[in-house]
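> can't give you the sequence, but here's the structure:
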């Protein structure tokens, strides 16, 4: 099953939770990969919530990922490790330090120690 399904260009929903420092995000240039994607890697803490916890069979882990990566490429890196997560790919939103980010071509500039939360839809009342 292919992981990359067409997404709206530059689709992002961001919401500030606190006055924490803001990460720089830029859209990747049309038809080009993110700048220097593989050269710099950093350790980030990935936290799983709701259904993603069940599918990954853990609550959190530390991963080494490229420092500059699109949100969709980050998802694909995570799915390589936890293939069962593919069933929720079209419903997932990342929370990358204090901002919600949809999967797409948004360039994320991660710093060592950043926390990336995987937030699938949560129902409730």
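Thanks, I have the structure now. What you are looking at is a predicted structure, and each value in this text was computed from that prediction instead of being measured.
> quick one, what contacts the residue nearest to residue 101 when sequence neighbours are not counted?
Once flanking residues are discounted, residue 101 sits nearest to residue 94: 4.6 Å by C-beta to C-beta, 6 or more residues apart in numbering. (Glycine included, C-beta is placed from N, CA and C.) Residues counted as contacts of residue 94 (C-beta atoms under 8 Å, 6 or more residues apart in numbering) are 71, 74-75, 100-103, 116-119.
> Can you check the pLDDT for residue 94?
For residue 94, the pLDDT comes out at 93.
> please begin residue numbering at 30 from this point
Renumbered: residue one is now 30, and that last one reads residue 123.
> and it, which of the three is it?
strand (DSSP: H, G, I helix; E, B strand; the rest coil).
> again with residue 109
Per three-state DSSP, residue 109 ends up helix.
> what pLDDT does it get?
Looking at residue 109, the pLDDT reads 97.
> Residue 138 versus that one, what's the distance?
Going from residue 109 to residue 138 by C-beta to C-beta, to the nearest Å gives 21 Å.
> Compare neighbour counts for those two and give me the winner.
residue 138 (16 against 10; other C-beta atoms under 10 Å).
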